[in-house]
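**Student:** Starting from these lines, generate the structure:
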Amino acid sequence: MVFADLFFIYFFLPVCLIFYFMTRNLHIRNAVLIVFSLVFYAWGEPVWVCLLVFSAVVDYINGLVIEKNRGKTPARLAVVCSLVINLGLLVAFKYSGFIVENVNNLVGTEFTVPNIRLPIGISFYTFQTISYTIDCYRDKVPTQHNFFKFLMYVSLFPQLVAGPIVRYSTIGKEIEYRTSDMQMVSEGISRIILGLGKKVIIANAISKIVSTCFGEASDGYAAVSTVSVTGAWFGGIMVALWYYYDFSGYSDIAIGLGRIFGFHFDENFKYPLISKSISEFWRRWHISLSSWFRDYVYIPLGGNRVSKGRHLLNIMIVWSLTGLWHGASWNFPIWGIYFGIFLLIEIGIGKERLQKIPAVLLHIYTVLVVGFGFGIFYFDKTGPLLKFFKATVGANGNPLTDTITKTVIRNNAYILVAVVLFTMPIVPKIKERCMKNRTSAVVIQSAGVVCNLAILLICSILLVNTTNNPFLYFRF
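**Tutor:** Predicted structure coming up:
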């Protein structure tokens, strides 16, 4: 089941809310969330619910073992058990085909390449359960003694299939005690509608622009062979914007749903496309993943407290893994290494020198680097990826500009203007100023209600004839 679906918006969610708010008993409310979360997941993945529950059982037991044997060998073995089982399952389901295929190509063997369907959300809930076990071992979170409360943490449907990666430390207290008032419900609904608008109105429109520039996956991205230099760069930037609006839209809906149920999930995006460096960009983009790799990989490797050479190596290890986390094809680790290299370059230049460069130039530099990077991210086949590289410098024999790109820009000028404006915190700043004055606050609140209703109506109309509208990060 997906959020951007009329069945979810007008049936599943209202029914869930009715059962949830029928009682003030938190135990019953937790039970409602567990049942609806498992139904939500089973709607598209009925077989893999068992895998989800199994992961929860494994780390629930590991947490108890760690608490009982703190500082002893069994506690360390529990952490190892969590890593081996969870990462083993992730590798088996997500990377086994990729590994076998590359072994066959490298050695010349003819092993059968596994064709296992990837369980939705496995990359996200695997990292969540691992973080719980490690934090228990580090004594950063209390051990959860009630399995069903832990299962609710792992399976919570607002963020189950595409994040953000919610750590137990973030919502552990709210699992035990939380409240929902009308203000939280109102904020949650507004956030959900904002996320729907990002996905259905903006991201889906950008996807058509990307398809025009590069072609469809089904035709081998044929258009990338003939796209102009300008079109290749424009297409790469559009891919970055597409992923931003699609994924941040999902995160907005997840955060909004969490708020309705009394949970406060951390922000996952903070206007990353206004950044003036790649390091700033990654402090604002997919924050839950970046911070996870920082706390559970980078710092344990020594972070920046080691020699300069080892520090640089740590960065490249982290970014190679970050890329590989996204998928089982070579473009993803290349994408991670690409951004890792720019982070190393910025470290070499230093913050003080970077700040002396005009902000406009830094912003242009960041947008171009990100656009090229997401071009790498988009093409998961070697052939089209190489054609994209060549297209950006005209090595395909392609011209500097082309009629198709000009037409796309001209015909979509209105959406492009909106896309650029909404990457900046213009609306929040206007709202913040207006809320300081009582009269203006009433006006802005009324306008907000009207805008929410308009966005919901437009999204509903656009979704009427849509049978499948998944978010991009479902496949990761």
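**Student:** for the stretch 251-400 of the chain, what spans make up the helices?
**Tutor:** In the stretch 251-400 of the chain, helices defined by DSSP state H, counting those that start in this stretch lie at 278-284, 287-293, 308-325, 331-349, 351-356, 359-378, 382-393, listed in chain order.
**Student:** So which of the ones you listed is nearest residue 439?
**Tutor:** Nearest to residue 439 among the helices of the stretch 251-400 of the chain is helix 278-284; the distance by C-beta to C-beta comes to 33.9 Å. (Glycine included, C-beta is placed from N, CA and C.)
**Student:** buried residues in that closest one?
**Tutor:** Neighbour-count burial for helix 278-284 flags 278, 279, 280, 281, 282, 284 (criterion: 16 or more other C-beta atoms under 10 Å).
**Student:** possible to save the helices of the stretch 251-400 of the chain as TSV with mean pLDDT?
**Tutor:** Listed next are the helices of the stretch 251-400 of the chain as TSV, based on pLDDT from 0 to 100:
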stretch	mean pLDDT
helix 278-284	95
helix 287-293	94
helix 308-325	92
helix 331-349	94
helix 351-356	89
helix 359-378	95
helix 382-393	91
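**Student:** I'd like the C-alpha coordinates of the helix or strand of the chain with the lowest mean pLDDT written as CSV, please.
**Tutor:** Every helix and strand of the chain was ranked by mean pLDDT, DSSP states H and E. The lowest is helix 426-434, at a mean of 80. The C-alpha coordinates for helix 426-434 follow below in CSV (Å, rounded to 0.1, in the frame of the first residue of the first chain):
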residue,chain,number,x,y,z
ILE,A,426,10.1,31.2,1.3
VAL,A,427,6.7,30.1,2.6
PRO,A,428,7.9,29.2,6.1
LYS,A,429,9.6,32.6,6.5
ILE,A,430,6.5,34.5,5.3
LYS,A,431,4.3,32.4,7.7
GLU,A,432,6.8,33.1,10.6
ARG,A,433,6.6,36.8,10.0
CYS,A,434,2.8,36.9,9.6
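**Student:** quick one: what helix or strand has residue 51 in it?
**Tutor:** helix 49-68 (DSSP states H and E).
**Student:** Counting by contacts, list what the following helix or strand past that helix packs against.
**Tutor:** The C-terminal neighbour of helix 49-68 among helices and strands, as given by DSSP H and E, is helix 73-90. In terms of contacts (3 or more C-beta pairs under 8 Å, 6 or more residues apart in numbering; DSSP states H and E), helix 73-90 is packed against helix 49-68, helix 122-137.
**Student:** one step back: give me the helices and strands touching the helix holding residue 51, please.
**Tutor:** helix 26-42, helix 73-90, helix 122-137, helix 147-155.
**Student:** Out of the ones you listed, the one nearest residue 209 is which?
**Tutor:** Here helix 122-137 is closest among these (C-beta to C-beta), at 27.4 Å.
**Student:** Pull out the buried positions in that closest one.
**Tutor:** Quick answer for helix 122-137 (16+ other C-beta under 10 Å): 122-137.
**Student:** got the CA positions of that helix in PDB?
**Tutor:** Output of helix 122-137 as PDB, limited to C-alpha atoms (Å, rounded to 0.1, in the frame of the first residue of the first chain):
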ATOM      1  CA  ILE A 122      14.000  -4.000   4.300                       C
ATOM      2  CA  SER A 123      16.900  -1.400   4.000                       C
ATOM      3  CA  PHE A 124      15.100   0.900   6.400                       C
ATOM      4  CA  TYR A 125      13.800  -1.400   9.100                       C
ATOM      5  CA  THR A 126      17.100  -3.400   9.000                       C
ATOM      6  CA  PHE A 127      19.000  -0.200   9.900                       C
ATOM      7  CA  GLN A 128      16.400   0.600  12.600                       C
ATOM      8  CA  THR A 129      16.700  -2.700  14.400                       C
ATOM      9  CA  ILE A 130      20.500  -2.700  14.200                       C
ATOM     10  CA  SER A 131      20.700   0.800  15.700                       C
ATOM     11  CA  TYR A 132      18.500  -0.300  18.600                       C
ATOM     12  CA  THR A 133      20.800  -3.200  19.400                       C
ATOM     13  CA  ILE A 134      23.900  -1.100  19.200                       C
ATOM     14  CA  ASP A 135      22.400   1.700  21.300                       C
ATOM     15  CA  CYS A 136      21.400  -0.900  23.900                       C
ATOM     16  CA  TYR A 137      25.000  -2.100  24.000                       C
END
